[in-house]
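In: output the structure for:
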Amino acid sequence: MHQIPKDRPWFKFYPPGFTLELDYPETTVYELLETSARRFPGKTAVIFYGGRLTYSQVKDYSERLATFLARNGIGKGDRVAIYALNSPHWIIAYFGILRANAVVVPVNPLLRGSELEYIVKDSGAKMIVTTGELLSNAKMVSEDLGLKIIAGNHVDYLPENPELTVPDFMKVEYDLSGSTPWREALNVNDPPEMNVGSSDMAMIPYTAGSTGTPKGCIHTNYTILSNTLSAAYWERVSPGAIHLSALPFFHVTGLIHSLLSPVYTGSTMVLMTRWDRRTAMDAIEKYRVTHWISIATMIFDVLADPDLPNRNLKSLRVTGGGGMPTPKAVAEKWELITGTKYMEGYGLTETISQTHMNTVEEPKYGSIGIPDFGVDAMVIDPLTRDPVKPGELGEIVLRGPEVLKGYWNKPKETEEAFTEINGVTYFRTGDVGYMDEDGYFYIADRLKRMINRAGMKVWPAEVESKLYEHPAIREVVVVGTPSPRVGEEVKAFIVLKEEYKGKVTAEEIISWAKDKMAPYKYPRIIEFVDSIPRTGAGKINWRLLQEKEKQKALQGGNP
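Out: The predicted structure follows:
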């Protein structure tokens, strides 16, 4: 790989004491667990609603699962799907699959029917690991494809007297017929020899399908380890850290920051199976959580809780995340409440999580930060592929040790995803943004999300960020809605704060926005809603709202 020129502007803003580069171990992801189990055998690795697992227990259970997998024909390069919510089963399955020399295919647990079958079939998975509440969905796919299933129940690891509120579905002992029960799969500890190395494939996470059908991203032990180390060092994770693992592990941000970084450092994870803001605050208070990497929508949710003034979240030392641009007003309120600066970052499934992050000490609110260890990035004209000047919009491209090796069984898409600039190969992110003079990057939006209003480009994220400054707005998402007059009109879906419901009109918000934005940017159409749809990763699902607007227009429902 070409070295990153040392005159890149962002290096001036690396925190004191940071090296400009990291060296990455040429080992396997499984060795993260093996090492921590050797260093901290009796230490609590996982707190699951009060239930606890030590590092030596997690390693033992992972070896047992690897034994079962190997004895059932799973070997080097074979794919095994994990179709489950966050739980000890997920962690044990992840390391157990890797210990069996196989490849993990993490699947969004919200997928059903053909969506689930597509990923399982496309990846060529030979087995599915799941939990009771999802077993019926897994069985429908396994019957079509002839796959074996391993299934457990959340009660396998729940304590008799939980320390946090447990969702009702987790208390059920589901019938596991049609699968190998979890406890049965862990009967024997005699794992096979490990015969995979740093460059071997370890995971195939799938994109969300924002540009067509979901694509499997080929990640090796090396690409995953590089980002795991970058996350741990950038976020000052030590063995004494306590993590709130609320992000889903199937998603790369949750995987790297809430699972692998803790395991690498030998720190403790407080697992949440389903998001609930009260449970999250209870966990932070009870276990004195120090690190919480989230998505912006979780922060919005906590800040909207009327009980927040009575809570003590001051144990937090490092907080941050991404998923969407975090409005400056939201980040400032979070800092006021918790005493920590919200450290926004940016990454993709193709880069197994972050490529850019703000620093813990001095984040620039509104920015995704600077390239982290090993990452080189620039902004180019998407048509000419020429680099643009600081401050000019273009497509963000990057290179680094965490970039995928290619899309699974998609050579054409793999070729199109990369471009050569001055003899160096860069990955095309598909995100529009700019870099300032200091080397901080900013996201304007997805290339496909741009609204074309009477020939003028409107970036929804920019409009949303400004709307968040209105005191009545709890959540907002902006989309383009077809218009015979201007092509696309700017529309905002708004969730009002409770105290403002019925007291603020759409006309008042439009008038307020008109004074804050350029004439072509402010929303002409406001729709008040009770909630905003989410993706399986908890991100705002703007695509769903965009598509509904298009369908409404086809049916004659738009002005």
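In: would you list every one of the helices in the stretch 51-200 of the chain?
Out: Under the criterion DSSP state H, counting those that start in this stretch, helices of the stretch 51-200 of the chain are mapped to 55-71, 88-99, 113-123, 135-145, 182-185.
In: do you know which of those lies nearest Ala492?
Out: Each of the helices of the stretch 51-200 of the chain was scored for nearness to Ala492 using C-beta to C-beta, and the closest is helix 113-123 (28.8 Å). Glycine gets a C-beta too; all of them are placed from N, C-alpha and C.
In: can you tell which of the helices of the stretch 51-200 of the chain is closest to Leu467?
Out: With C-beta to C-beta as the measure, helix 113-123 is the member of the helices of the stretch 51-200 of the chain nearest Leu467 (31.8 Å).
In: starting at the chain centroid, how far to that closest one?
Out: Its chain's C-alpha centre and that of helix 113-123 lie 20 Å apart, by C-alpha atoms, centre = their mean, to the nearest Å.
In: now stretch 533-548
Out: Relative to its parent chain, stretch 533-548 has a centroid offset of 14 Å by C-alpha atoms, centre = their mean.
In: which intervals of the stretch 251-400 of the chain have sub-threshold pLDDT?
Out: For the stretch 251-400 of the chain, the stretches flagged by pLDDT under 70 are 324.
In: the strands in it, which residues?
Out: Assignment of strands within the stretch 251-400 of the chain using DSSP state E, counting those that start in this stretch yields the ranges 268-271, 291-295, 318-322, 342-348, 353-357, 370-371, 376-380, 394-399.
In: of all the ones you listed, which one is nearest Gly502?
Out: Across the strands of the stretch 251-400 of the chain, the minimum distance to Gly502, taken as C-beta to C-beta, is reached by strand 291-295, at 29.5 Å.
In: buried stuff in stretch 8-21?
Out: By neighbour count, with 16 or more other C-beta atoms under 10 Å as the criterion, the buried positions of stretch 8-21 are Arg8, Trp10, Phe13.
In: go on, stretch 32-52?
Out: Neighbour-count burial for stretch 32-52, with 16+ other C-beta under 10 Å as criterion, is recorded at 32-37, 40, 44-49, 51.
In: would you mind measuring the gap between the ends of it?
Out: Taking C-alpha to C-alpha, to the nearest Å, stretch 32-52 runs 19 Å from one end to the other.
In: before we move on, what about stretch 128-137?
Out: Between the opening and closing residues of stretch 128-137 there is a gap of 11 Å (C-alpha to C-alpha).
In: what sits against the residue positioned nearest the centre of the chain?
Out: Nearest to the mean C-alpha position of the chain, counting by C-alpha atoms, centre = their mean, stands Thr253 at 3.5 Å. The contact partners of Thr253, taken as C-beta atoms under 8 Å, 6 or more residues apart in numbering, are Leu247, Ile293, Ile295, Gly321, Gly322, Gly323, Gly347, Ser353, Gln354, Ala537.
In: over to Glu115?
Out: Counting by C-beta under 8 Å, 6+ apart, Glu115 makes contact with nothing.
In: next one: Gly439
Out: If a contact means C-beta under 8 Å, 6+ apart, then Gly439 has Arg8, Pro9, Trp10, Phe11, Lys12, Phe13, Ile370, Pro371 as its contacts.
In: identify the farthest-apart pair in these.
Out: Distance extremes for these: the farthest pair is Lys12 and Pro371 at 12.6 Å, using C-beta to C-beta.
In: before we move on, back to that, could I get the contacts of Gly439 as a markdown table with distance to Gln546 and secondary structure?
Out: Below are the contacts of Gly439 laid out as a markdown table (distance: C-beta to C-beta, whole Å; DSSP: H, G, I helix; E, B strand; the rest coil):
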| residue | distance to Gln546 | secondary structure |
| --- | --- | --- |
| Arg8 | 36 | coil |
| Pro9 | 35 | helix |
| Trp10 | 33 | helix |
| Phe11 | 38 | helix |
| Lys12 | 39 | helix |
| Phe13 | 36 | helix |
| Ile370 | 31 | strand |
| Pro371 | 30 | strand |
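In: domain boundaries for this structure, per the record?
Out: Per automatic domain parsing, the domain ranges recorded for the chain read 9-431, 458-554.
In: next one: Arg524 from Ser465, what distance?
Out: Arg524 sits 18 Å away from Ser465 when distances are taken as C-beta to C-beta, to the nearest Å.
In: now the contacts of Thr253 as JSON lines including distance to Val103 and neighbour count?
Out: Below are the contacts of Thr253 laid out as JSON lines (distance: C-beta to C-beta, whole Å; neighbours: other C-beta atoms under 10 Å):
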{"residue": "Leu247", "distance to Val103": "22", "neighbour count": "27"}
{"residue": "Ile293", "distance to Val103": "25", "neighbour count": "27"}
{"residue": "Ile295", "distance to Val103": "26", "neighbour count": "26"}
{"residue": "Gly321", "distance to Val103": "27", "neighbour count": "24"}
{"residue": "Gly322", "distance to Val103": "26", "neighbour count": "24"}
{"residue": "Gly323", "distance to Val103": "26", "neighbour count": "23"}
{"residue": "Gly347", "distance to Val103": "21", "neighbour count": "26"}
{"residue": "Ser353", "distance to Val103": "18", "neighbour count": "28"}
{"residue": "Gln354", "distance to Val103": "22", "neighbour count": "29"}
{"residue": "Ala537", "distance to Val103": "21", "neighbour count": "20"}
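In: of these, closest to Leu225?
Out: Top of the list for closeness to Leu225, among the contacts of Thr253 and by C-beta to C-beta, is Ser353 at 12.1 Å.
In: can you name the residues bridging to the closest one?
Out: Leu348 (DSSP bridges).
In: for the protein, which spans come out with low pLDDT?
Out: Residues of the chain that meet the criterion pLDDT under 70 lie in 1-2, 209-212, 324, 445-448, 455, 457, 536-538, 554-559.
In: one step back: who's more crowded, Arg524 and Ser465?
Out: Remark: of Arg524 and Ser465, Ser465 carries more neighbours, 21 against 17, as counted by other C-beta atoms under 10 Å.
In: all strands for the stretch 101-250 of the chain, in order.
Out: Taking DSSP E, counting those that start in this stretch as the criterion, the stretch 101-250 of the chain carries its strands at 103-107, 127-131, 148-152, 180-181, 201-203, 219-220, 242-245.
In: out of everything not next to it in sequence, what's closest to Pro382?
Out: With C-beta to C-beta, 6 or more residues apart in numbering as the measure, Glu395 is the residue that lies nearest to Pro382, at 4.3 Å, once sequence neighbours are left out.
In: an error on my part: the question was meant for Pro325.
Out: Counting by C-beta to C-beta, 6+ apart, the residue nearest Pro325 is Ala461, at 4.7 Å.
In: ok so, going back, which one of the domains of the chain lies nearest to Ala444?
Out: Nearest to Ala444 among the domains of the chain is domain 458-554 (4.2 Å), distances taken as C-beta to C-beta.
In: what about that closest one, distance to the chain center?
Out: Centre-to-centre, domain 458-554 and its host chain are 24 Å apart (C-alpha atoms, centre = their mean).
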